[in-house]
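In: Could you look at this predicted model? Sequence included:
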Amino acid sequence: MVIIDKSGVHRLEIRCCDCSNALSPDIQMFWHGFFPASFNRPKTAFTFKLMRVARQWRQLKTMKWHGFGHHSDIPSTGELTLFCLACPQPGINILVAGDESLDDDDKNSSSWKYTRSFVMDGNFKAEHLHPIKPFDEVWLSDGLGFMVGKDRYKMHLAEAADMVEKSSCNNHQAVNQANAAQHKLESTSIRGVACA
């Protein structure tokens, strides 16, 4: 098996337990700190240490790309997102003529040309379990990019009313899943908004 670690690429003979009550080979590898490249018959694995280093490297590159590479300023909420060149932004990527007005109350306004439109979508089956060891959780960019920060999210959950929806359909899976017991889950589903 090929093992890729931060010290290099190594070829080692690895045998997983074949006992009748043994876990599958991929799970055995997880327990020993390896992430297999495939789950059926893994022939390559990455160490968790390498994956942590790769995650930190990606974080450093992201900080550099957004101008935080050479000074100690700490980015604030949303500062590690990408600037959208396609979105109409007067004064940034659109020149407004002298006789044009962007005021919606003005009858000669041309603001309709520069109106942003948004689309929303979501993965309603995504589930995130409560961490077993929350003190081991490392947040590299909590709320600095496209995802909302954990504290802001928890504050929203505390304020949001939890309503149990009744479905008039027989066995409506989306509603049934939303009403299922979720005591082991920290969050359910991922939703996104993007400019269209």
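Out: Okay, I see it.
In: backbone phi and psi for residue 189, please?
Out: Here is the backbone geometry of residue 189 (degrees, to the nearest 10): phi 70, psi 150.
In: in which helix or strand would I find the spatially closest residue to it that is not a sequence neighbour?
Out: Distances taken as CB to CB, 6 or more residues apart in numbering place residue 124 nearest to residue 189, at 4.4 Å, with adjacent residues excluded. To be clear about C-beta, it is placed using only N, CA and C from the backbone, and glycine gets the same treatment. Element membership for residue 124, per DSSP states H and E: strand 118-129.
In: contacts for the next helix or strand after that strand?
Out: Moving toward the C-terminus from strand 118-129, the next helix or strand (DSSP H and E) is helix 150-159. For helix 150-159, contacts defined as CB atoms under 8 Å, 6 or more residues apart in numbering pick out 77, 139, 142, 143, 148, 187.
In: if we can go back for a sec, what does the average pLDDT come to for the strand holding residue 124?
Out: Across strand 118-129, pLDDT averages out at 82.
In: contact partners of the longest helix belonging to the chain?
Out: Across the chain, the helix with the greatest residue count (assigned by DSSP state H) is helix 48-65. Helix 48-65 is contacted from outside by 4, 5, 6, 33, 34, 35, 69, 75, 80, 140, 141, 145, using CB under 8 Å, 6+ apart.
In: Let me have these in JSON lines, extended by distance to residue 93, secondary structure and pLDDT.
Out: Compiled in JSON lines, these are given as follows (distance: CB to CB, whole Å; DSSP: H, G, I helix; E, B strand; the rest coil; pLDDT from 0 to 100):
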{"residue": "4", "distance to residue 93": "42", "secondary structure": "strand", "pLDDT": "93"}
{"residue": "5", "distance to residue 93": "45", "secondary structure": "strand", "pLDDT": "93"}
{"residue": "6", "distance to residue 93": "41", "secondary structure": "coil", "pLDDT": "89"}
{"residue": "33", "distance to residue 93": "47", "secondary structure": "coil", "pLDDT": "91"}
{"residue": "34", "distance to residue 93": "47", "secondary structure": "strand", "pLDDT": "92"}
{"residue": "35", "distance to residue 93": "41", "secondary structure": "strand", "pLDDT": "90"}
{"residue": "69", "distance to residue 93": "25", "secondary structure": "coil", "pLDDT": "71"}
{"residue": "75", "distance to residue 93": "23", "secondary structure": "coil", "pLDDT": "84"}
{"residue": "80", "distance to residue 93": "20", "secondary structure": "coil", "pLDDT": "85"}
{"residue": "140", "distance to residue 93": "30", "secondary structure": "coil", "pLDDT": "79"}
{"residue": "141", "distance to residue 93": "26", "secondary structure": "coil", "pLDDT": "82"}
{"residue": "145", "distance to residue 93": "22", "secondary structure": "coil", "pLDDT": "84"}
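In: Among those residues, which pair sits farthest apart?
Out: 34 and 75 (32.9 Å; CB to CB).
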